[in-house]
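Student: Just to be clear, the model below is a prediction. Sequence and coordinates:
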Amino acid sequence: MSKDDVEAAKAAEEQHAGQEGAEGERPPRKKGKHKKDKPWDHEGIDHWKIEPFKKEDNPTGLLEESSFATLFPKYREKYLREVWPAVTKALKEHGVACELNLVEGSMTVKTTRKTYDPYIIMKARDLIKLLARSVPAPQALKILEDEMQCDVIKIGGFVRNKEKMVKRRQRLIGPNGATLKALELLTGCYILVQGQTVSAMGDFKGLKQVRRIVEDCMNNFHPIYHIKTLMIKRELAKDPTLAQENWERFLPKFKKKNVQRKKPKKVRERKDYTPFPPPQQPSKEDLMLESGEYFLSAEQKAARQAAAQAAKQAARVEERQRQREAAFQAPAEAPARGGSGGAAQAGGGASQAGGDTAASLAEGLKKKLKGSKKEGSSGGGAGDVSMFLAPGSTAAAAAAGEKRKEKKEKRKADAEDGGTEKKKKKKKDKAAA
């Protein structure tokens, strides 16, 4: 490009820029200017309706072959062999080939030249999945319809404990399958619980509800709460005036309750944390070196082992001998019960013990009185212990003392009278002699 051409181009750009400045900014773009009315689109059309895919829509067929395979458990082999002709016939109508491999335990579906529906292979894949998860063949074949969808929910990974998983799975089924039947009626889906999976068949809306209920159930949220909510929503949907309103005020709100968990049987004591590792335990060789057994020969080790065995045997023999002798030992004699002699001895011993106790008590009180200061005004001597006794016991003791004195005086008088009579008699006898 020459120098003159460059200058001419610059001049043209400046002239164009001057024109834009004179005219002003560009006019705004018209939004949706290409949107025009379509002759086949009107207000009465249902955009959500799924139109059936016919053979005339794809007369040339598919270019590539697609295939899917899935494994099935051993216990399903017998049933699959029985229903496989019906499955093959149903898939053949849609131009899909199927194969049952009993050696590998797998089912395979693939497209053929006669296949015209490009999505039918995905439906066939869902069909063999449902058959492998124990869904009956008549129910599983409904998945080939355009309005029917399926979802296989895995529930094995929600809970680690197998017992908890089984309990929550049973909670989803309910007594005699009542909970599962209620969920089927409210969601409009077919539900089957098998092993660690839950298979559901229905429309997209129902499948979304089923997945949420199953996952919440495995996360320890009872399905009965979802059933109550679905029942209320079902009644609210019947009222056309509430179609555009929020239903939150009608739905129940369930509060979480803190249920006390079972306490563990064995409570482990927590040890204080220390960053240092525990001391290394001595090995078998170290213990043998400490005891000196490491340096013994094989014969000495055998002799030591035999001696230890003999000592254990002797201890067992001695224990058995003691057990045998225990059977011949006489039982300990029980103390004699009842009887006049025994009662008398018991009474005498009791009275003697009572007397000793009273005597020792009186002596102790006398010693205390002797050590204390004597009070002249009180009139009590060293032997007066009436102040330490009860009033009734003091009167009884005084009466007993008086009786004793009377008896002594009577004995003295009798003795004196008897002595004088004897003297008189002796004198008479001497005089007579």
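Tutor: The structure has been received and is ready for your questions.

Student: And the most centrally placed residue in the chain, how far from N219?
Tutor: Nearest to the geometric centre of the chain sits K262, at 5.4 Å (C-alpha atoms, centre = their mean). For K262, the distance to N219 (C-beta to C-beta, to the nearest Å) stands at 20 Å. The way it works is simple: take the backbone N, C-alpha and C, and place the C-beta from them, glycine included.

Student: try T108
Tutor: 36 Å.

Student: Compare neighbour counts for these two and give me the winner.
Tutor: Taking neighbours as other C-beta atoms under 10 Å, T108 and N219 compare with T108 leading, 16 against 10.

Student: Dig out what that one forms beta bridges with.
Tutor: Per DSSP bridges, the residues bridged to T108 are A69, E99.

Student: check contacts around it.
Tutor: T108 makes contact with S67, F68, A69, C98, E99, N101, I128, according to C-beta atoms under 8 Å, 6 or more residues apart in numbering.

Student: secondary structure class for the last one?
Tutor: Put plainly, it is I128. What DSSP: H, G, I helix; E, B strand; the rest coil gives for I128 is helix.

Student: what about it, neighbour count?
Tutor: Counted with other C-beta under 10 Å, the neighbours of I128 add up to 24.

Student: wouldn't it be in contact with L100 here?
Tutor: No - between I128 and L100 there is no contact under C-beta atoms under 8 Å: 9.4 Å.

Student: Find residues that contact each of these two.
Tutor: Joint contacts of I128 and L100 (C-beta under 8 Å, 6+ apart) are M107.

Student: Let me see the contact set for F68.
Tutor: Neighbour list for F68: T108, V109, K110, I121, A124, R125, I128 [criterion: C-beta under 8 Å, 6+ apart].

Student: most neighbours, which of those residues?
Tutor: Result: A124 is most packed of the contacts of F68 (other C-beta under 10 Å), 28 neighbours.

Student: for that residue, phi and psi?
Tutor: Main-chain torsions, A124, degrees, to the nearest 10: phi -70, psi -40.

Student: just for this structure, where's the confidence low?
Tutor: By pLDDT under 70, the weakly predicted segments of the chain are 1-30, 336-358, 371-399, 417-428, 430-433.

Student: any chance you could map the helices in it?
Tutor: Ranges of helices within the chain are 3-23, 77-92, 120-132, 137-140, 162-173, 178-187, 204-218, 223-237, 284-291, 298-326, 340-371, 391-432, based on DSSP state H.

Student: Quick one, which of those helices gets closest to K253.
Tutor: Nearest to K253 among the helices of the chain is helix 223-237; the distance by C-beta to C-beta comes to 10.0 Å.

Student: so that closest one versus helix 178-187, what angle?
Tutor: Counting by axes from the mean of the first three to the mean of the last three C-alpha atoms, to 10 degrees, helix 223-237 points 30 degrees away from the direction of helix 178-187.

Student: buried residues in helix 223-237?
Tutor: P223, H226, I227, T229, L230 (16 or more other C-beta atoms under 10 Å).

Student: Report the distance from it to the chain centre.
Tutor: 31 Å (C-alpha atoms, centre = their mean, to the nearest Å).

Student: Can I get it in PDB? Just the C-alpha atoms.
Tutor: The C-alpha trace of helix 223-237 is given here as PDB (Å, rounded to 0.1, in the frame of the first residue of the first chain):
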ATOM      1  CA  PRO A 223     -43.000 -40.600  56.300                       C
ATOM      2  CA  ILE A 224     -46.300 -40.000  58.100                       C
ATOM      3  CA  TYR A 225     -45.600 -36.300  58.300                       C
ATOM      4  CA  HIS A 226     -45.200 -36.200  54.500                       C
ATOM      5  CA  ILE A 227     -48.400 -38.200  54.100                       C
ATOM      6  CA  LYS A 228     -50.300 -35.600  56.200                       C
ATOM      7  CA  THR A 229     -48.900 -32.700  54.100                       C
ATOM      8  CA  LEU A 230     -49.700 -34.500  50.800                       C
ATOM      9  CA  MET A 231     -53.300 -35.100  52.000                       C
ATOM     10  CA  ILE A 232     -53.800 -31.400  52.800                       C
ATOM     11  CA  LYS A 233     -52.300 -30.400  49.500                       C
ATOM     12  CA  ARG A 234     -54.600 -32.700  47.700                       C
ATOM     13  CA  GLU A 235     -57.700 -31.100  49.300                       C
ATOM     14  CA  LEU A 236     -56.400 -27.600  48.600                       C
ATOM     15  CA  ALA A 237     -55.900 -28.400  44.900                       C
END
